[in-house]
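Q: have a look; sequence and predicted model below, questions after that.
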Amino acid sequence: MSALDLVYMTEDASHDAAITVINENAFGPGRSTRAAERVREQGGHDRSLSYVCANRGETIASVRMTPVFAGLVAGHLLGPLAVSPSYKNLGIGRQLVRIAVLAAEQAGSEAVILVGDLPYYRPLGFEPVMHKALDFPGPVDPARVLALCCQGVSPDRLRGVLRHRLLGPADI
Ligand SMILES: CC(C)(COP(=O)(O)OP(=O)(O)OC[C@H]1O[C@@H](n2cnc3c(N)ncnc32)[C@H](O)[C@@H]1OP(=O)(O)O)[C@@H](O)C(=O)NCCC(=O)NCCS
């Protein structure tokens, strides 16, 4: 691969087509059935906290953030996170997570929640959520529900229904 010229930037509509391809390559057609995807479909993601990485103008990786309530905690659901196959293992995924978490924290998010592999996310500050404490709109492996709490929020508060914040606490 020729020398990299990586730029991390906030997502906008011009990245949509490339992100669709990256996510389809990474997750395949079954993605829409995932519980986390169902939460995202409830109201869409927040572009201002979602990021892409581009190499010489080509979008090669993406992370999206969706505003959610986790019980009464106003946080964000991180994902999908995906990196184009030829750019894996260069630290791009980790950097996107760090950038998105910092941005969410600065925007006042009380917790960043995701469904993913603990060995990947623990070094980035994520810990397992208490077993089955969060109800997703579909089946999810409880061992893969991870969170990073912000603003001094106690992990014990992460309990109840996980839903898009557009729905509001009164809509459940
Ligand atoms: C997972 C993914 C986002 C990682 O991005 P990346 O830029 O390739 O990863 P990074 O360079 O930041 O980190 C690489 C390290 O993470 C490890 N790693 C990658 N995927 C992992 C996983 N699922 N579980 C544990 N470790 C993982 C690599 O082995 C490597 O370890 P090393 O640093 O000890 O060599 C990327 O591989 C991808 O797009 N995968 C397909 C989609 C996916 O699974 N997304 C995550 C949902 S949980």
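A: Yep, it's here. Residues are numbered from 1 along each chain as shown.

Q: in the protein, which spans are helices?
A: Along the chain, counting by DSSP state H, helices occupy 16-27, 35-41, 92-106, 118-121.

Q: let me have those in a markdown table, extended by mean pLDDT and distance to residue 145.
A: Quick note: C-beta positions are derived from backbone N, CA and C, even for glycine. Converted to a markdown table, the helices of the chain look like this (pLDDT from 0 to 100; distance: least, C-beta to C-beta, whole Å):
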| stretch | mean pLDDT | distance to residue 145 |
| --- | --- | --- |
| helix 16-27 | 96 | 18 |
| helix 35-41 | 92 | 9 |
| helix 92-106 | 98 | 16 |
| helix 118-121 | 98 | 10 |
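
Q: make TSV from these and add distance to residue 81 and mean neighbour count to it.
A: Output for these, formatted as TSV (distance: least, C-beta to C-beta, whole Å; neighbours: other C-beta atoms under 10 Å):
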stretch	distance to residue 81	mean neighbour count
helix 16-27	9	15
helix 35-41	11	19
helix 92-106	6	19
helix 118-121	9	14
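
Q: in a markdown table, list these along with distance to residue 157.
A: Listed next are the helices of the chain as a markdown table, based on distance: least, C-beta to C-beta, whole Å:
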| stretch | distance to residue 157 |
| --- | --- |
| helix 16-27 | 30 |
| helix 35-41 | 18 |
| helix 92-106 | 16 |
| helix 118-121 | 20 |
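
Q: need the contact list for the closest residue to residue 84 other than its chain neighbours.
A: Of all residues not flanking residue 84 in the chain, residue 60 sits nearest, at 4.5 Å (C-beta to C-beta, 6 or more residues apart in numbering). Contacts here follow C-beta atoms under 8 Å, 6 or more residues apart in numbering; on that basis residue 60 touches 22, 53-54, 83-84, 86-87, 92.

Q: determine which two of these are furthest apart.
A: Farthest-apart pair in these is 54 and 86; separation 13.8 Å (C-beta to C-beta).

Q: between these two, which is the more surrounded one?
A: residue 54 (16 against 9; other C-beta atoms under 10 Å).

Q: hmm, residue 11 and that one touching each other?
A: No. In this structure, residue 54 is not within contact of residue 11 by C-beta atoms under 8 Å, at 10.8 Å.

Q: for this structure, what's the longest strand?
A: In the chain, assigned by DSSP state E, the strand with the most residues is strand 58-70.

Q: ok, that one: who's next to it in the sheet?
A: Strand pairing for strand 58-70, determined by DSSP bridges: strand 51-55 (antiparallel), strand 73-83 (antiparallel), strand 160-164 (antiparallel).
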